[in-house]
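Q: using only what follows, build the 3D model:
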Amino acid sequence: MSPRVWWLLVLAAVAVGCTDRVKVSEERAVAHAAALAALVDKDIEEIRRGLPAGAKKLGEILGTEEVTPGKARTALRKAREAVIDLQLAKSTFFAVTDLQGVAYASDLETDGFSGKNILDAYKLLARAKEGGYVETIGQMEEARGLRKGEDLQWVAAAPVPGAQGKPIGLYVTGWSFRRFAQHLEEQLKTDLRNAGPKEEKTPLVYVFVLHEGKAYGTPIVPDVNAQAVEGLGLAAKVQGGPFRGRVEITNRGYGVAAQAVKKLCESCAVVVLRSEV
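A: So this is what the prediction gives:
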């Protein structure tokens, strides 16, 4: 066998090996995306169950006395502690407002909400004043979970009932898309570490939350990865069911999988990039 033929065979074998590794990444990314989509649904249901119950508890705590920022912060802590679903919630923040939407306080360590009108950023939440639970998506600088790049927030509100049962304010919670992507990615990495022999070497994984084609990832995700995800046009592709495929980013092959998460929003999806190491 000539050296040239030998070398071509080596290159072919390497190519096949790389292809097989990307195939493994693709297949396993599909399972990851399905598991994370189910987790998103679970996280949203915790808010849907817990926020109205927490709002009722908040009304009992606040009573009819004047609400100060200090009293509001204490009430927020007690209301969350009283509801199991809210204890488990992955929210970036909780806040309580007056009936006009002006925040008394939030539970953030650095409270940028106090005195700000939340309804300016999340106008649809005003519907909660009519007595119902409401969800929407918007952008408020004070609600950013991570200080990198553009961010959005999924938010929900429930009316806080007063002594006569009429709303006296709003109980608001939400998570930033980037912070939520971080939560999902950390959960995936934990699952991979606990997978045992199946995952002898922990693969390289990135998780994104997709909204109208824009990919929101964690602070450490390379911008080129987010751009590659956005370039796949996944917002339309996941409407017919889960998507699977592969993509090359900076000379590394990734399996990519995406699944719609319509409880989050009609144009939302969770996306997983996986590459074997």
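Q: domains of this structure?
A: The chain breaks down by automatic domain parsing into domains covering 21-41+179-275, 45-175.
Q: could you export those as CSV, including mean pLDDT?
A: Shown next, in CSV, are the domains of the chain (pLDDT from 0 to 100):
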stretch, mean pLDDT
domain 21-41+179-275, 93
domain 45-175, 92
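Q: dump those domains into TSV; add mean neighbour count as well.
A: Backbone N, C-alpha and C define where each C-beta goes, glycine included. Below are these laid out as TSV (neighbours: other Cβ atoms under 10 Å):
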stretch	mean neighbour count
domain 21-41+179-275	18
domain 45-175	19
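Q: wait, a strand at residue 156?
A: Yes. Under DSSP: H, G, I helix; E, B strand; the rest coil, residue 156 falls within a strand.
Q: so is the residue lying closest to it once chain neighbours are set aside in a helix, a strand, or just coil?
A: Spatial nearest neighbour of residue 156, excluding adjacent residues (Cβ to Cβ, 6 or more residues apart in numbering): residue 135 at 4.6 Å. Secondary structure of residue 135, reduced to three states by three-state DSSP: strand.
Q: same thing with residue 168?
A: Applying three-state DSSP: residue 168 is strand.
Q: can you pull the contacts of it?
A: Applying Cβ atoms under 8 Å, 6 or more residues apart in numbering to residue 168 gives the contacts 59, 62, 98-99, 160-162.
Q: would you turn those residues into JSON lines with distance to residue 38 and secondary structure?
A: Conversion of the contacts of residue 168 to JSON lines gives the following (distance: Cβ to Cβ, whole Å; DSSP: H, G, I helix; E, B strand; the rest coil):
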{"residue": "59", "distance to residue 38": "33", "secondary structure": "helix"}
{"residue": "62", "distance to residue 38": "36", "secondary structure": "helix"}
{"residue": "98", "distance to residue 38": "37", "secondary structure": "strand"}
{"residue": "99", "distance to residue 38": "37", "secondary structure": "coil"}
{"residue": "160", "distance to residue 38": "31", "secondary structure": "strand"}
{"residue": "161", "distance to residue 38": "33", "secondary structure": "strand"}
{"residue": "162", "distance to residue 38": "38", "secondary structure": "coil"}
